[in-house]
Every structure is written in structure tokens, then in C-alpha cells.
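[1] Take a look and give me a structure for this.
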Amino acid sequence: MDKTDRTISGTGKSKSESKWDAGRISDLSGRTAVVTGANSGIGLVAAAELARAGAHVVFAVRDLERGRAAAAKVSGSTEVRRLDLADLASVREFAEGWDGPLDLLINNAGVMMLPERRTRDGFEMQFGTNHLGHFALTNLLLPYITDRVVTVTSGAHRMGDRIIHFENLNLDGIYSPQRAYSQSKLANLLFVLELQRRLAESGSRVRSLAAHPGWAATNLQSHTANPVSRVLMAVGNKVLAQDDRGGALPTLYAATQDLPGASYVGPSGPMEMRGAPTLVGRTAAASDVAAAERLWEASEELTGAVFPLVGAAS
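    Residues are numbered from 1 along each chain as shown. As a prediction, the model looks like this:
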């Protein structure tokens, strides 16, 4: 962990942080949350725990039938709305259908190490879904958001090339599932950083935070392109991983605790693979404010979604 990591997100760990679990979430009655990809994995756990604490939780999912089946298993106030992050028309439709205050947006949904393919709008699927879809959704919903935006990223931002390929965002001719996934997760952290800067400059009290689950055993790994990788991940899920409940804790911690903007939460255990949530560090590449601003400008151009708050930096 470098010095830049520590100055941006902090790494101090208290005894209370080391013991934190979802049972310590305060009463959320009267609050509304949107969780993307809430039909399974850590998204479902996060949605269930927020609803248990009293929040009204909107399951923003691509498959309405699966979303309704998941929501039916949750105790508390829920609803299900369709959202396909790989289709900007769907993102806009979701945002246009929103009315009223939104306390919490959790950008959780994602795809991982897929074979090369494109979104409906022609973007590389992992970058388009994991970053651009959430970028557009956040900006379109931002006029309604009252508290915070939590974006789920990954320790994989430390892998791959550790850069954003600005001249070739679709990775044409150099595509690999790992390179694309790592780029998308690095983009998530740069998005969090630049969003917080713009919120602060606009005078908004809304906060932008990041979280990563460590190694959580979910169905996300089963969709990877390489069959050998799928086998290795299956073994890792049994030996190294925490379950989806443990994997959701950093997201829930970032969503409910009083943390400064741009904080980054992950597991406290060895190599941040498992353990209670705490503040963790990011790479120098994920702390690059110039790259974060450049990525934001490129993302606005690609999606047509711009930062909407009066007084924000342009």
C-alpha cells in the first residue's frame, strides 16, 4: 500500500470496525435504496439487510422474474424494477421512471471475465456494464439522491495493465477477459474519486464511496470465459472465499456508516480476501485525479449523461 492510498481513503482500524457486522446497522425506516443486481449474490444480501433494517429497497435487475423471486424471499419493503446496464436506453428508462427522494444508490451489478462481446450500444461488455452503465445511472439519478452512492469494485483493479486504455477503451485487438475486467474495476474507483470531487465542488452533501467484497463465493465466477479459470475459482471458493453474506459486509458498511467521501471499504483479513469490513487502500493508478477526470469526460461523451448539479466543475 502506498502513501497515496493512505491519504485518500485512510487505513486506520478500530476494535469496533473489526467486529462490525450487519446486525449493527441502525434503523433505516423512511429511507429508500436502489441496489443494482439485487437478485443474487452480495447484491441480494445487501438488499435483504437494508430491508431488514427498515429501508424500502428497489431491486434494479435485468430479469424481472428472477428479481421478483429474490425479493419474495426478503422480509421488509421491496419492489422490483427492470434495469439492463448493458443498454443505455434501459438505464434512461429506469431513471425517467424515478420520482421522489433516493437516499442510497448501490452500484453493485457487474459481469466478470467474459468472452469478448459488446453491449447494445457497442461498448466492450465489462467496461460498458460495470462502469458506463453505472456512470449513466448515477448521473441521471443524482438530482434525487440525498445521502450517498456506493460503487462496488474489486481488488482486481490491482491486476491487468493498471491503466485505462483511453485510446482503445474497447480493447480492440488486445482483448483478454482479465484485462477487460481489471480495467472496468479500475474505472469504478476512478469514477468514485471524480464523483466525490464534483459533489464537493458543487456544495452537495451527497457522498461517493467504494467497496469491494474480497473473495466472495457467488455465481459471478461461473460466467468466466476460461474453463480452467472456472475450475480454479471453484476450488478457491471452497478454500479461500467467504460466503456472500461476508462479501456483502463492505458494501453495507460503506452504505450505512459515517465515512468521508471517496472512502474505500474492503475486508480486513490477509490480502483483503475475507474478514470484517474496514477502510482499505487503493493503488496509485486508482488515485490518479487526472485520469479520473479524463475518464469522466470520456464517459460523458460516450453515454450522453453529464453531472447535473448546479455549480459542479465542467
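
[2] elements contacting the lengthiest strand in the chain?
    Ranked by residue count under DSSP state E, the longest strand found in the chain is strand 145-152. Applying 3 or more C-beta pairs under 8 Å, 6 or more residues apart in numbering; DSSP states H and E, one finds that strand 145-152 contacts strand 102-107, helix 134-141, helix 177-202, strand 207-211, helix 244-256. For glycine as for every other residue, the C-beta is placed from the backbone atoms N, C-alpha and C.

[3] Now do it: everything it contacts.
    31, 42, 101-108, 110, 134, 138, 142, 188, 191-192, 195, 206-213, 251, 254-255 (C-beta atoms under 8 Å, 6 or more residues apart in numbering).

[4] Alpha carbons only: can I get that strand in CSV?
    C-alpha atoms of strand 145-152 as CSV (Å, rounded to 0.1, in the frame of the first residue of the first chain):
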residue,chain,number,x,y,z
ILE,A,145,-30.0,11.2,-4.3
THR,A,146,-29.9,12.6,-0.8
ASP,A,147,-27.2,10.7,1.0
ARG,A,148,-24.7,8.6,-0.9
VAL,A,149,-23.6,6.5,-3.8
VAL,A,150,-21.7,3.2,-3.1
THR,A,151,-20.0,1.6,-6.1
VAL,A,152,-18.8,-2.0,-5.8
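
[5] wait, doesn't R92 sit right on G133?
    No: using C-beta atoms under 8 Å as the test, R92 is too far from G133 to be in contact (10.9 Å).

[6] and these two? which has more neighbours close in?
    G133 (27 against 16; other C-beta atoms under 10 Å).

[7] For that one, give me its contacts.
    85-86, 88, 91, 109, 119.

[8] low-scoring stretches of the chain, by residue?
    1-18, 216-241, 310-314 (pLDDT under 70).

[9] Tell me where it has strands.
    32-36, 56-61, 78-82, 102-107, 145-152, 207-211, 264-267, 277-279.

[10] Output those in JSON lines; the columns should cover distance to L114.
    JSON lines is the format used below for the strands of the chain (distance: least, C-beta to C-beta, whole Å):
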{"stretch": "strand 32-36", "distance to L114": "17"}
{"stretch": "strand 56-61", "distance to L114": "18"}
{"stretch": "strand 78-82", "distance to L114": "21"}
{"stretch": "strand 102-107", "distance to L114": "18"}
{"stretch": "strand 145-152", "distance to L114": "17"}
{"stretch": "strand 207-211", "distance to L114": "22"}
{"stretch": "strand 264-267", "distance to L114": "24"}
{"stretch": "strand 277-279", "distance to L114": "28"}
